[in-house]
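Enquirer: 3D, please:
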Amino acid sequence: MIKRSETSPINKMQTRKFSQQVALAGSFFHYLKHPLTLETATSKIRERIAQRECTFLSTTRKLIYENPSSPYRKMLHWAGCQYGDLEESVQQHGLEKTLAILQGEGVYLSQEEFKSQTPIGRNGLDIETTPPDFDNPFLMGRSIQGATSGSRSRSMRVHYDWNFLAEEAAHELLLYEEHGLGHSPSAFWLPALPSISGIHNLLLHMKFRRPPGKWYSHLPANLWSRTVMGFLACSSLVYGMKIPQPISARTSQALQVARWAEEVLRSHGTAVLKTFASSGIRVAQAARDEGIDLGGLTMFLGGEALTPARYQYLTETGVRPFGRYVATETGLIGAGCSCSQAPDTMHLYLDRLALIQQERRCRNTGATVSSFLFTTISPHTGKLLLNAELGDFGEVRAAPCPCRFGRIGMSILLSQVRSFDKLTGEGMSLLGSTLEEVLSELVLQAGGGPDDFQFWEEADDKGLTRLTIALSPRIPNVKEPQFREDILQRLKGKNSAGGIAAEFWQQAGTLEIVRAEPIISRGFKLIPVIKTKSSIDY
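Expert: Residues are numbered from 1 along each chain as shown. Reported below is the predicted structural model:
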């Protein structure tokens with residue numbers, strides 16, 4: 001029995017957690033205290049680009065070489081690369097060339113290794129890891145937290161430092177100014193907490209004092225969300241801002257968002273909507289059905305690729321669509337260029353990230369793609385990446401550009417960015433292995449075998465993604481509607497990412513079940529995921 005004079009471990013934990021929350025609130029006020037201006041944002045980004053190699057070296061020395069438990073440190077030492085060697089190579093060859101040399105020596109992480117699904121295995125090297133092994137240890141206790149989609153029982157935790165958010169806010173401010181939208185009314189159609197996407201974007205906008213006028217949320221606000229938003233609303237008043245509370249708008253209620261656009265365009269002539277690509281399609285479809293003219297509306301679209309089909313459908317309704325590239329592990333990666341003829345061309349944010357490519361074979365299709373390997377430069381990053389895969393590939397080219405991003409040194413352009421091991425629908429990406437695990441359990445329970453199902457991912461003529469599950473007719477005990485509901489319920493029980501994806505897919509009717517034999521490749525192998533021609537061609 002614990003005496004009153006003694007402090008229990010639970011009380012100590014509660015005290016420590018309360019202290020961390022107080023410190024977090026204090027740092028939030030410091031974050032808002034100094035508003036970001038266009039001049040300041042431009043100057044800071046230009047300075048970070050000029051210092052990126054020095055920053056990379058100092059970040060790597062502090063977070064890797066001086067951290068005995070870092071998996072990257074073990075890999076670098078295994079490759080015979082001491083800090084002095086790294087410094088000399090960067091000075092002699094430059095950052096990207098050095099990263100390519102390291103990749104050739106085996107210093108990189110596959111997506112599976114970075115997600116800690118498999119050990120890091122090289123000739124003479126075997127490292128078992130867990131997701132926290134890639135955390136920035138200097139952020140613990142003074143950062144906000146998000147989570148990625150994951151294929152295990154828990155998703156990958158990612159911490160966001162206030163300095164990191166301030167860096168991202170500079171990019172976002174430049175994005176709005178580059179497209180001539182600095183003072184256009186704006187809205188979000190992004191999910192509220194527990195999803196990180198909506199609150200993440202709101203905090204960036206608060207830094208440069210331009211919060212959206214409306215925030216529509218695919219998910220209803222829970223008690224935690226309302227508590228956090230209440231704190232943010234009161235805090236923002238201190239700095240003369242009024243932030244919106246999330247308004248519930250399920251995927252079937254896109255007309256709400258279209259009506260907002262109609263009203264604002266009538267009074268101001270321009271407007272900005274930030275949402276997922278498929279949600280943007282739904283807004284455009286609702287507007288078309290109701291005869292609403294969306295001319296003057298700009299959409300910044302993330303979560304899914306801005307495919308040619310999506311681009312064409314949106315532009316036919318008067319929308320100006322631009323892509324945004326974001327990953328929970330890295331934060332903002334890049335955003336749409338105003339000068340490019342290709343609709344999905346984006347500038348890579350070189351002041352905080354480096355990128356090289358490597359050829360890899362896709363587990364789902366067997367095809368070879370040029371996978372992205374990311375390296376974080378900022379010391380404020382939540383997850384440390386050194387030639388780490390996130391599951392994406394695409395085209396990368398260096399080219400001068402007359403836009404605002406190009407003029408300050410962001411000369412790397414990305415296009416046709418796709419995901420090679422994720423299933424994506426309604427802005428929600430889920431590792432194929434997560435859904436595969438759920439399906440395997442249910443198919444076996446129904447009397448089927450491990451190869452009696454397959455995923456078909458296809459986009460319709462509007463660009464909306466449908467995930468079809470082909471079940472072999474040999475499986476005896478399946479009623480399709482109930483089977484679909486069982487899948488969604490199992491996903492909700494997997495982890496937070498699975499739950500959010502399931503909620504979106506349930507609202508939108510993204511999952512479909514058909515009775516068909518899985519397609520076998522010419523090599524007589526079962527391909528787990530079929531990407532159809534109307535969706536993504538590998």
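Enquirer: which parts of the longest strand that the chain contains are buried?
Expert: Determined from DSSP state E, the single longest strand within the chain is strand 388-398. In terms of neighbour count (16 or more other C-beta atoms under 10 Å), strand 388-398 has its buried residues at Ala388, Glu389, Leu390, Gly391, Asp392, Phe393, Gly394, Val396. Where you see a C-beta, it was placed from the backbone N, CA and C, and this is true even at glycine.
Enquirer: In CSV, could you pull the C-alpha coordinates for the very next helix or strand once past that strand?
Expert: The first helix or strand that comes after strand 388-398 along the chain, using DSSP states H and E, is helix 404-407. The C-alpha coordinates for helix 404-407 follow below in CSV (Å, rounded to 0.1, in the frame of the first residue of the first chain):
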residue,chain,number,x,y,z
ARG,A,404,9.2,32.2,-57.0
PHE,A,405,10.5,28.8,-55.9
GLY,A,406,12.9,28.5,-58.8
ARG,A,407,14.3,32.0,-58.2
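Enquirer: what's helix 404-407 in contact with?
Expert: Residues outside helix 404-407 that contact it (C-beta atoms under 8 Å, 6 or more residues apart in numbering) are Thr42, Leu174, Glu177, Glu178, Cys337, Cys339, His347, Pro400, Cys401.
Enquirer: go again using 7 Å as the cut-off
Expert: Contacts of helix 404-407 from elsewhere in the structure, counted by C-beta atoms under 7 Å, 6 or more residues apart in numbering, are Leu174, Glu177, Glu178, Cys337, His347, Pro400.
Enquirer: related to what we said a few turns ago, neighbouring contacts of the longest strand of the chain?
Expert: Under C-beta under 7 Å, 6+ apart, the answer for strand 388-398 is 109-111, 114, 327, 329, 355, 357, 369-374, 411-422.
Enquirer: Give me the buried subset of these.
Expert: Buried members of the contacts of strand 388-398, counted by 16+ other C-beta under 10 Å: 109-111, 114, 327, 329, 355, 357, 369, 371-374, 411-422.
Enquirer: out of the contacts of strand 388-398, which are inside strands?
Expert: In this view, the contacts of strand 388-398 that belong to strands under DSSP E are 327, 355, 357, 369-374, 412-419, 422.
Enquirer: could the buried residues of strand 388-398 go into JSON lines alongside pLDDT and distance to Ala261?
Expert: JSON lines is the format used below for these (pLDDT from 0 to 100; distance: C-beta to C-beta, whole Å):
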{"residue": "Ala388", "pLDDT": "97", "distance to Ala261": "38"}
{"residue": "Glu389", "pLDDT": "95", "distance to Ala261": "37"}
{"residue": "Leu390", "pLDDT": "92", "distance to Ala261": "32"}
{"residue": "Gly391", "pLDDT": "87", "distance to Ala261": "33"}
{"residue": "Asp392", "pLDDT": "90", "distance to Ala261": "30"}
{"residue": "Phe393", "pLDDT": "91", "distance to Ala261": "33"}
{"residue": "Gly394", "pLDDT": "91", "distance to Ala261": "30"}
{"residue": "Val396", "pLDDT": "96", "distance to Ala261": "34"}
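Enquirer: Any chance of CSV for these, columns distance to Lys242?
Expert: Putting those into CSV (distance: C-beta to C-beta, whole Å) gives the following:
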residue, distance to Lys242
Ala388, 40
Glu389, 41
Leu390, 36
Gly391, 38
Asp392, 37
Phe393, 42
Gly394, 39
Val396, 41
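Enquirer: Of these, which is the nearest to Val238?
Expert: Within the set of the buried residues of strand 388-398, Leu390 lies nearest Val238; the separation is 37.1 Å, counting by C-beta to C-beta.
Enquirer: if we can go back for a sec, dump the contacts of helix 404-407 into JSON lines; add distance to Leu202 as well.
Expert: Output for the contacts of helix 404-407, formatted as JSON lines (distance: C-beta to C-beta, whole Å):
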{"residue": "Leu174", "distance to Leu202": "18"}
{"residue": "Glu177", "distance to Leu202": "19"}
{"residue": "Glu178", "distance to Leu202": "21"}
{"residue": "Cys337", "distance to Leu202": "25"}
{"residue": "His347", "distance to Leu202": "23"}
{"residue": "Pro400", "distance to Leu202": "34"}
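Enquirer: buried subset of those residues?
Expert: When burial is judged by neighbour count using 16+ other C-beta under 10 Å, the buried members of these are Leu174, Glu177, Glu178, Cys337, His347.
Enquirer: How about the contacts made by the first one?
Expert: The contact partners of Leu174, taken as C-beta under 7 Å, 6+ apart, are Ala41, Thr42, Arg404, Phe405.
Enquirer: what stretches of the chain score poorly on pLDDT?
Expert: 1-26, 140-158, 363-367, 421-434, 450-451, 459, 463, 520-538 (pLDDT under 70).
Enquirer: Can you tell me the closest non-neighbouring residue to Gln67?
Expert: One correction, residue 67 is Asn, not Gln. For Asn67, ignoring the flanking residues on the chain, the nearest one in space by C-beta to C-beta, 6 or more residues apart in numbering is Arg73 at 6.2 Å.
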